[in-house]
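Enquirer: Provided below are the primary sequence and the corresponding predicted coordinates.
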Amino acid sequence: MSTRTDAEFARVQRAFAAYLRDPEHVAPPGEHDPRRLGVYRHAVYANIERFMHDNYPRVRAVMNESEWHAMVRDYLVRHVARATAFVDLPKEFLSYLENVRAPDHQWPFLYELAHFDWLETLVGADPRRVDFAGIERDGDLITGVPVANPVMVMHCYRFPVHAIDAGFQPLEAPSQATRIAAFRDSRNEYGFLDLNGAAARLLELIMMGTGRSGHEIFATVAAELGHDDVAGLIQAGGTILARMHARDVILGTVRA
């Protein structure tokens with residue numbers, strides 16, 4: 001095939017792709033059967049819309065039908081994806097919200113809500129598995145060295161993303177940030193916990209895996225908060241620690 005023919009083929013491909021992305025404003029190259037063009041138009045849009053719907057269900061839930069489809073079409077028309085692997089495709093929508101779509105006054109939480117949706121994809125794609133080797137499942141989390149679930153990420157949001165839905169869409173961020181620990185448990189199921197500042201710091205220190213006991217970690221948190229009563233903090237924090245353990249956020253303690 002000649003260089004000229006190659007260049008012409010590439011030009012037609014680009015023109016056809018531009019038409020499929022924005023058929024209302026871009027004409028198809030050459031003359032084609034409208035019915036066949038319709039099949040391609042529908043397939044391209046339907047695949048993108050289903051992919052977006054499956055990966056961003058919370059974002060879909062806050063919009064009505066026309067708002068959702070208008071955004072999907074805008075994403076398809078204006079965003080240039082850079083992902084080279086299928087698993088990286090969901091993050092392209094975050095890039096669109098951050099770099100292409102104008103700041104949204106109707107949904108000021110939109111990027112954070114999408115990021116919260118994306119955490120499930122991120123955790124689900126983590127190739128690691130929860131492994132209890134070397135872990136005392138029912139060990140004492142205060143005297144022993146607590147072990148965090150390795151398949152977990154933490155993120156802090158301005159908006160309470162875990163509570164936003166069709167009936168709750170705040171226009172202003174509250175004074176308190178929302179801290180989320182997203183993880184995959186021993187049953188290979190996705191879950192998350194919303195944590196206050198002290199609990200998030202406690203988990204962060206456990207995730208660092210420094211070999212410190214639960215008591216030592218509580219003492220560090222107490223010092224950072226300016227509390228002298230470490231025992232009181234342990235008593236108050238015992239419930240959240242047990243909650244973390246029950247959800248496989250903390251797997252147990254290091255086996256002696």
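Expert: Happy to help now that I have it. Numbers count the residues shown, from 1 in each chain.

Enquirer: Show me what counts as buried in stretch 183-192.
Expert: Judged by neighbour count using 16 or more other C-beta atoms under 10 Å, the buried positions of stretch 183-192 are F183, R184, D185, G191, F192. Bear in mind the C-beta positions are built from the backbone N, C-alpha and C, glycine included.

Enquirer: show me the contacts for the residue nearest to the last one when sequence neighbours are not counted.
Expert: It stands for F192. Nearest-residue entry for F192: A182, 4.5 Å, with adjacent residues in sequence omitted and distances by C-beta to C-beta, 6 or more residues apart in numbering. Shown here is A182, whose contacts under the criterion C-beta atoms under 8 Å, 6 or more residues apart in numbering are L119, E120, L122, V123, M152, V153, M154, H155, Y190, G191, F192.

Enquirer: Kindly report the same for M152.
Expert: Per C-beta under 8 Å, 6+ apart, neighbours of M152: V123, A181, A182, F183, R184, M207, V249.

Enquirer: The second one: which element?
Expert: Of the helices and strands defined by DSSP states H and E, A181 is found in strand 178-184.

Enquirer: partner strands of that strand, parallel or antiparallel?
Expert: Sheet pairing for strand 178-184, assigned by DSSP bridges, gives strand 152-157 (antiparallel), strand 190-195 (antiparallel).

Enquirer: Show me what stretch 61-79 is in contact with.
Expert: With C-beta under 8 Å, 6+ apart, stretch 61-79 has contacts from 21-22, 44-45, 48-49, 52, 60, 92-93, 95-96, 100-101, 107, 110, 113, 164-166, 169.

Enquirer: Narrow those residues to just the buried residues.
Expert: 21, 44-45, 48-49, 52, 60, 92-93, 96, 101, 107, 110, 113, 164, 169.

Enquirer: thinking again about what came up before, among the contacts of M152, which one lies nearest to D138?
Expert: Each of those was scored against D138 by C-beta to C-beta, and V249 proved nearest at 15.5 Å.

Enquirer: of all the buried residues of stretch 183-192, which comes closest to E31?
Expert: E31 lies nearest to R184 out of the buried residues of stretch 183-192, by C-beta to C-beta, at 52.1 Å.

Enquirer: Could you check how far N47 is from L76?
Expert: Distance, N47 to L76, using C-beta to C-beta, to the nearest Å: 10 Å.

Enquirer: Compare the two (neighbour count), which wins?
Expert: L76 (18 against 10; other C-beta atoms under 10 Å).

Enquirer: Spell out which helix or strand contains that one, please.
Expert: Using DSSP H and E, L76 falls within helix 65-78.

Enquirer: ditto for L251
Expert: Element membership for L251 (DSSP H and E) is strand 250-254.

Enquirer: Neighbouring strands of that strand in the sheet, and parallel or not?
Expert: strand 135-136 (antiparallel), strand 146-148 (antiparallel).
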